[in-house]
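Participant: The amino acid sequence is not available; the structure is as follows:
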């Protein structure tokens, strides 16, 4: 692992906020601690009612984050196996013992495993979970180009990692909600609802 990523991991573990590439757009992330998450919202001028998602390093990590029945998990396993790592965020019922660490009012949590090499290394070595949102001021578009991120955001984060090899897709991840065994599309992305439903 490069020195740049080691530095970013060190900063994350100290409660810092880092901009890094995902497979879709540049993200701004931190570890699941209240003060760290609040810092992201402050940097972005983001309404706290807009929830943050979790990027995880592997499927095993989600067990401590969600509160789902074995039956529900069995139903969605095919979708997870097919589309993770990848551009699909799944909204689960949250394990309150986990989410209370950064948001006491969070009843659900969006989770995905990205396929970007830098993102995966960063997440894995920082503890397996990074809470993230797109690296932009609230209301401005997400981007695949560091130069297009608002200067205010760049100046207020603790570290920035640039992607030099893998092209980011530019399309935010598809978001689905999985509730009582049923799938609801919340945001369109490169993975279509039709493709997802084929796996059920």
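Facilitator: Everything's here; your move. In this text the structure is predicted, and so the values were computed from the model without any measurement. Numbers count the residues shown, from 1 in each chain.
Participant: where's the residue lying farthest from the centre of the chain, which helix or strand?
Facilitator: Note on the chain: the largest C-alpha distance from the chain mean falls to residue 71, namely 25.0 Å (CA atoms, centre = their mean). Counting by DSSP states H and E, the element that carries residue 71 is helix 70-83.
Participant: Just the residues contacting that helix, thanks.
Facilitator: Helix 70-83 is touched from outside by 59, 88, 90, 178, 180, 181, 183, 191, 196, 199, 200, with contacts defined as CB atoms under 8 Å, 6 or more residues apart in numbering. (Each C-beta comes from the backbone N, C-alpha and C, glycine too.)
Participant: Let me know the closest of those residues to residue 53.
Facilitator: For these, the minimum distance to residue 53 (CB to CB) is 9.7 Å, reached by residue 90.
Participant: And the strands in the chain, which stretches?
Facilitator: For the chain, applying DSSP state E gives strands covering 18-21, 26-30, 53-56, 88-93, 108-112, 129-134, 159-160, 174-179, 182-187.
Participant: picking that back up, among the contacts of helix 70-83, who's most crowded?
Facilitator: Compared across the contacts of helix 70-83, residue 90 has the highest neighbour count, 24 neighbours, by other CB atoms under 10 Å.
Participant: Could I get the pLDDT score of that residue?
Facilitator: On pLDDT, residue 90 comes in at 96.
Participant: Do I have it right that it meets residue 109?
Facilitator: No - using CB atoms under 8 Å, residue 90 is not in contact with residue 109; the gap is 9.4 Å.
Participant: Could you dump the strands of the chain into TSV and include distance to residue 80?
Facilitator: TSV is the format used below for these (distance: least, CB to CB, whole Å):
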stretch	distance to residue 80
strand 18-21	23
strand 26-30	20
strand 53-56	11
strand 88-93	7
strand 108-112	10
strand 129-134	16
strand 159-160	30
strand 174-179	10
strand 182-187	12
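Participant: out of those strands, nearest to residue 118?
Facilitator: Minimum separation from residue 118 across these (CB to CB) falls at strand 18-21, 5.6 Å.
Participant: residues making contact with the closest one?
Facilitator: Contacts of strand 18-21 with the rest of the structure, by CB under 8 Å, 6+ apart, involve 8, 11-12, 26-30, 116, 118-119, 122, 135, 146, 149, 153-154, 157-163, 166, 168.
Participant: Many thanks, we can stop here.
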